[in-house]
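> sequence first, predicted coordinates after that:
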Amino acid sequence: MSAENLGDPFDQAILNAENNSVLQDVMDKMAQGIAVWDADLNLLLYSQKFLEIWDLDEDHVKKNPQLPVLLRIILLKVGVPKDQVDEMVKVRLQSLQEDDADLSSIIQLPDGRWLENMARRATSGRWVMTYTDITARRNAEDKEHAALAELELLNRQKDRFFSIIAHDLRSPFNALMGFSSHLVDKADRLSADQVKEFSGYVHQSAEQVFKLLENLLDWARLQMERVEHNPVSFNVPEIVRRTVDVLGPVAEGKNIRLIDDTSDLQTYADPDMIDTVIRNLVNNAIKFTPENVSITVSATRKETHIEINVADTGIGIDEARISDMFSLAQTSNSTSGTAGEAGTGLGLILCKELVERNNGEIHIASQSGVGTDISIMLPHTPEQAC
């Protein structure tokens, strides 16, 4: 029963039966807290639920039945700072004096419960106030809002996923088909250098398609929980050296020094996953770094974790874009590298998921035109990985 249902008939019942034990018994059996105040805001009737909700001492209430006194107690119980209580009491009493004084408010208690407070003035000037526990309803609404937000995110991710496929997969295929067709149609009229040049373009396009498909499949397998997670203790430099060996020639092609500055450190994670992460980060650094500079991979032991850094002096990332780098819901397409290298738009997203699968964290520090430092934090031991 809400305050809207406690109108003049209820007021009449109070007038006729303020000492009626039947009325008191009915109020005490209701799930709501109910309090009835006279025109001077003295407490006339109240239910046991009203005392229970606000944890009020009944003897104290009987001795101090004035609304301002009880309101101060209640405001302190809900966590209002002492220096703000008097002003809030003043505002509440002023609101009760307004002509259109049917009031409704939502209150959160310190224990996490939510109450709906409704107040209605009857024709006699009396006030009927109800306090309804709406915690279950509020929690259901919060879950609904969270579900809607998650659905919206999934929809944005889906749109981004198909945008990557449509844009980044189509482009290299167009180049692949165009250059291979040129070779087929004009091979007998092309010089050896021209054949080599067009073959290089075909290989570059095929490699780009392969990288995209590899990232797409890895990401899809992660979403379907089909990637085995096999954490073990392993030596960080071994994984880094593997990446340096594989991508060193790629860096040399742009006259970039790829520096391995790691020391003999152990971490606890899935080595294959971390290998994928470091390879993606170094590949990105090469892609976005101009010629004749260096990229450094380092590792340091912190108090609570191992930190692996991939630092470059490349083109950097605009601050406005950093927060979107790990989100599939971002709307921008991947950025071309300093030598026109194409990207997949999935590399950093994949890295984040793989690192988090290993109870780690990944962070970006970057400045446009200066360079980027990406760090991953991984646990020392199995105990820290839990």
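Okay, I see it.

> what is the host helix or strand of Gly178 packed up against?
Here Gly178, judged by DSSP states H and E, is contained in helix 170-186. When contacts are defined as 3 or more C-beta pairs under 8 Å, 6 or more residues apart in numbering; DSSP states H and E, helix 170-186 sits against helix 192-223. All C-beta spots, glycine's among them, are computed from the backbone N, C-alpha and C.

> show me which residues of the helix it packs on are buried.
Buried residues in helix 192-223, counted by 16 or more other C-beta atoms under 10 Å: 198, 201-202, 204-206, 208-209, 211-212, 215-216, 218-219, 222.

> kindly report the same for stretch 270-279.
270-271, 273-279.

> shaky segments in this protein?
Per-residue confidence for the chain (pLDDT under 70) gives these ranges: 1-20, 99-101, 157-172, 175, 208, 215, 222-227, 327-345, 384-386.

> where exactly do the helices run in it?
Secondary structure of the chain (DSSP state H): helices at 8-16, 21-28, 48-54, 58-63, 67-77, 82-96, 135-164, 170-186, 192-223, 236-252, 271-287, 319-322, 347-357, 382-385.

> which of the buried residues of helix 192-223 sit farthest apart?
Phe198 and Leu222 (36.6 Å; C-beta to C-beta).

> of the buried residues of stretch 270-279, closest to Leu176?
Using C-beta to C-beta, Arg279 is the member of the buried residues of stretch 270-279 that lies nearest Leu176, at 23.3 Å.

> what sits closest to that closest one if chain neighbours are left out?
Distances taken as C-beta to C-beta, 6 or more residues apart in numbering place Thr243 nearest to Arg279, at 4.9 Å, with adjacent residues excluded.

> how close does Asn359 get to Ile306?
Noted for Asn359: a distance of 12 Å to Ile306, by C-beta to C-beta, to the nearest Å.

> and for Asp270?
To Ile306, Asp270 is 14 Å away according to C-beta to C-beta.

> report how many residues lie close to the residue nearest to Arg279.
Here the number of neighbours of Thr243 (other C-beta atoms under 10 Å) works out to 22.

> and it, what does it touch?
Counting by C-beta atoms under 8 Å, 6 or more residues apart in numbering, Thr243 touches 275, 278-279, 282, 297.

> burial measure for the residue nearest to Val250 when sequence neighbours are not counted, as a count.
Excluding its sequence neighbours, the residue lying closest to Val250 (C-beta to C-beta, 6+ apart) is Ile286, at 5.7 Å. Residues lying near Ile286 (other C-beta under 10 Å) number 24.

> run through the residues that contact Ile286.
For Ile286, the contacting residues are 247, 250-251, 254, 256, 258, 295, 337, by C-beta under 8 Å, 6+ apart.

> which single one of the residues you listed is nearest to Val61?
Ile295 (72.6 Å).

> neighbours of that closest one, just the number please.
Based on other C-beta under 10 Å, the number of other residues close to Ile295 is 25.

> shared neighbours, Asn359 and Ile306?
Common neighbours of Asn359 and Ile306 (C-beta under 8 Å, 6+ apart) are 378-379.

> quick check on Gly369: phi, psi?
For Gly369, the backbone dihedrals (degrees, to the nearest 10) come out as phi 80, psi 0.

> before we move on, what about Gly112?
Dihedral angles of Gly112 (phi, psi; degrees, to the nearest 10) stand at phi 100, psi -10.

> that one contacts Thr135, correct?
Yes - the criterion here is C-beta atoms under 8 Å, and Gly112 meets it with Thr135 at 7.4 Å.

> higher neighbour count, the two?
Set Gly112 next to Thr135 and count neighbours by other C-beta under 10 Å: Thr135 wins out with 15 against 9.
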